[in-house]
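Novice: Show me the folded form of this:
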Amino acid sequence: MREQVLGVIARIGPEVSRIYVVDDACPDGSGALVQAQCQDPRVTVLRHAANRGVGGAVMTGYRAALGDGACIIVKVDGDGQMDPTLIPHFVAPIARGQADYAKGNRFYNLTHIRQMPAARLFGNAVLSFMAKLTTGYWSLFDPTNGYTAIHAKAARCLDFSQISERYFFETDMLFRLNTVRAVVVDIPMDARYGDEKSNLRIRRILGEFLFKHGKNLCKRIFYNYFLRDMTVASLELVFGILLLAFGVAFGSYHWWTGLAHETATPPGTVMLAALPTLAGLQLLLAFVGYDVANQPRRPIHPDLPDPAPGDTAP
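Specialist: You can find the predicted model right below:
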């Protein structure tokens, strides 16, 4: 990656006015390499004294860009897997006022998906479903894709200090964007993989991912369906959970009791367990249907005021 970052910078077109290279305490000294060999006047190297992870590096870049008055901020990795010539495609829906945030999706072109390692393909499919559930962006896919663009006004709505700094960063960004009702769109891109190896260890982060997904899901539902607003969907969720829990608990108890005493469970008892279970499932499915239709549709940045002079990044 040390030499690849120079190639990435060289391929960034003239539509980009400033380039921030964040050296996240890289052991290969990529920041020093860029300072020594890169002659592009747009480039500014930002360094971390200690490694803070991908999220920490992106937040450093965001703060610098916002401080310099950027309008749209694009994040591209320095490992060469992301084609810088696609930057105009990521910026276009934001510049047209159709979205607040754009992210890459490597699953549009089915012929190019074959380039993706099988383990990564399966992992992305599982993570995409979990992200749909926890972020509320049901129409998006490939949530761990780090090729992104965001409008500066939308970025200022986020509390950078609350965003995960490690591998959960991309999904956590989507969760935070949903809480401010930002519109997010997918941008088709090809999967490109070289000889580099990922530092991600599934066994090490699986528990952390599950915990953070569950935490964000609970927070999103509380924010959107109980704190900010209460709708029929709020009642569907509450009564759906209560009815399902009662039906399962009641049915399990009587099933176990009948099994222990070797007696048949009366039909009335079976119906008393089945009806609330089915009703609860139906209400929960209705809630999910409402949640799918409740994705943000109207971009927020056109209605937000311009930052006052001297405003700092969040």
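Novice: show me where the protein has strands.
Specialist: 19-23, 43-47, 72-75, 101-105, 148-151, 184-188 (DSSP state E).
Novice: so of these, which one's packed in deepest?
Specialist: Ranked by mean neighbour count, the strands of the chain are led by strand 148-151 with a mean of 26 (mean count of other CB atoms under 10 Å). (C-beta placed from N, C-alpha, C; glycine too.)
Novice: What helices and strands are in contact with that one?
Specialist: For strand 148-151, the packing partners by 3 or more CB pairs under 8 Å, 6 or more residues apart in numbering; DSSP states H and E come out as strand 72-75, helix 87-95, strand 101-105.
Novice: Now tabulate those in a markdown table and tack on mean pLDDT and distance to Y62.
Specialist: Shown next, in a markdown table, are the helices and strands packed on strand 148-151 (pLDDT from 0 to 100; distance: least, CB to CB, whole Å):
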| stretch | mean pLDDT | distance to Y62 |
| --- | --- | --- |
| strand 72-75 | 98 | 6 |
| helix 87-95 | 97 | 15 |
| strand 101-105 | 96 | 12 |
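Novice: okay if I get the ones you listed as a markdown table plus distance to L283?
Specialist: Listed next are these as a markdown table, based on distance: least, CB to CB, whole Å:
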| stretch | distance to L283 |
| --- | --- |
| strand 72-75 | 40 |
| helix 87-95 | 36 |
| strand 101-105 | 32 |
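Novice: closest to P302 out of the strands of the chain?
Specialist: With CB to CB as the measure, strand 148-151 is the member of these nearest P302 (9.0 Å).
Novice: Quick one: mean pLDDT for that closest one?
Specialist: For strand 148-151, mean pLDDT is 98.
Novice: Quick one: distance of that strand to the chain centre.
Specialist: 13 Å (CA atoms, centre = their mean, to the nearest Å).
Novice: and what of stretch 10-25?
Specialist: With CA atoms, centre = their mean, you get 23 Å for stretch 10-25.
Novice: contacting residues around it?
Specialist: Contacts with stretch 10-25, where a contact means CB atoms under 8 Å, 6 or more residues apart in numbering, come from 5, 9, 29-32, 34, 40, 42-54, 56-58, 60-61, 64-65, 68, 70, 74, 76, 78, 83-85, 87-88, 91.
Novice: which residues in the stretch 201-314 of the chain form helices?
Specialist: According to DSSP state H, counting those that start in this stretch, the stretch 201-314 of the chain carries its helices in the segments 202-222, 232-261, 267-293.
Novice: Check which helices and strands the last one sits against.
Specialist: Spelled out, that is helix 267-293. Packing partners of helix 267-293 (3+ CB pairs under 8 Å, 6+ apart): helix 232-261.
Novice: Please repeat the previous calculation with a cut-off of 10 Å.
Specialist: Helix 267-293 sits against helix 118-135, helix 202-222, helix 232-261, with contacts defined as 3 or more CB pairs under 10 Å, 6 or more residues apart in numbering; DSSP states H and E.
Novice: Sounds good, over and out.
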